[in-house]
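Chemist: Model the structure of this input:
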Amino acid sequence: MFVDHERVVYRLPFRIQYATSSNYCELYSVAVACLVAPPNQHLDIYCDNDNVCKQNHGDHYCKELQEFVLSTCQDKNLSVSYSWVKGHSDNYLNVQSDELANIGSHSPDLVL
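Modeler: The predicted structure follows:
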């Protein structure tokens, strides 16, 4: 993490890869939420990816990222609950999330 011109930029130890799965991208968002959350909090994660909600990721990269999420939650004393929302159904938060994901897909850093 570093601060640059009044922005906080977080660098995760994982990069989103060019030909990656939607599971990995969605889980990456969960990792970011856990990373930036204050300690001792409960996070409600709403996600349109059922595999992420069920924590059933399947591939090696997702398992590494899931381990990062779990260790970050443990280190920061975070609890997380997942709720599935139907994607592409005019759910306001899902639309906002998709728009932010599109912007983020063109940025090398996560700027908050």
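Chemist: where does this structure dip in pLDDT?
Modeler: Residue ranges of the chain with pLDDT under 70: 1-20, 56-61, 101, 104-112.
Chemist: Does anything pack onto the lengthiest helix in it? Which helices or strands?
Modeler: In the chain, assigned by DSSP state H, the helix with the most residues is helix 60-76. The contact analysis (3 or more Cβ pairs under 8 Å, 6 or more residues apart in numbering; DSSP states H and E) places helix 60-76 against helix 22-36, strand 79-84. (C-beta placed from N, C-alpha, C; glycine too.)
Chemist: And the contacts of the last one?
Modeler: Meaning strand 79-84. For strand 79-84, contacts defined as Cβ atoms under 8 Å, 6 or more residues apart in numbering pick out 30, 34, 41-48, 50, 52-55, 69, 73.
Chemist: at 7 Å instead, please
Modeler: Strand 79-84 is contacted by residues 42-47, 50, 52-53, 73 when judged by Cβ atoms under 7 Å, 6 or more residues apart in numbering.
Chemist: Go through it and flag the buried ones.
Modeler: Residues of strand 79-84 classed as buried by neighbour count (16 or more other Cβ atoms under 10 Å): 80, 82.
Chemist: what inclination does the helix or strand just after that strand have with respect to helix 22-36?
Modeler: Of the helices and strands lying after strand 79-84 in sequence (DSSP states H and E), the nearest is helix 92-104. Per axes from the mean of the first three to the mean of the last three Cα atoms, to 10 degrees, the angle that helix 92-104 makes with helix 22-36 is 90 degrees.
Chemist: Can I get helix 92-104 in PDB, CA atoms only?
Modeler: In PDB, the C-alpha atoms belonging to helix 92-104 read as follows (Å, rounded to 0.1, in the frame of the first residue of the first chain):
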ATOM      1  CA  TYR A  92     -28.400  -1.400  -8.600                       C
ATOM      2  CA  LEU A  93     -25.400  -2.600  -6.700                       C
ATOM      3  CA  ASN A  94     -24.600  -5.300  -9.300                       C
ATOM      4  CA  VAL A  95     -24.800  -2.700 -12.100                       C
ATOM      5  CA  GLN A  96     -22.400  -0.400 -10.000                       C
ATOM      6  CA  SER A  97     -20.100  -3.300  -9.400                       C
ATOM      7  CA  ASP A  98     -20.000  -4.200 -13.100                       C
ATOM      8  CA  GLU A  99     -19.200  -0.600 -14.100                       C
ATOM      9  CA  LEU A 100     -16.400  -0.400 -11.500                       C
ATOM     10  CA  ALA A 101     -15.000  -3.700 -12.700                       C
ATOM     11  CA  ASN A 102     -14.900  -2.400 -16.300                       C
ATOM     12  CA  ILE A 103     -13.000   0.700 -15.200                       C
ATOM     13  CA  GLY A 104     -10.700  -1.400 -13.000                       C
END
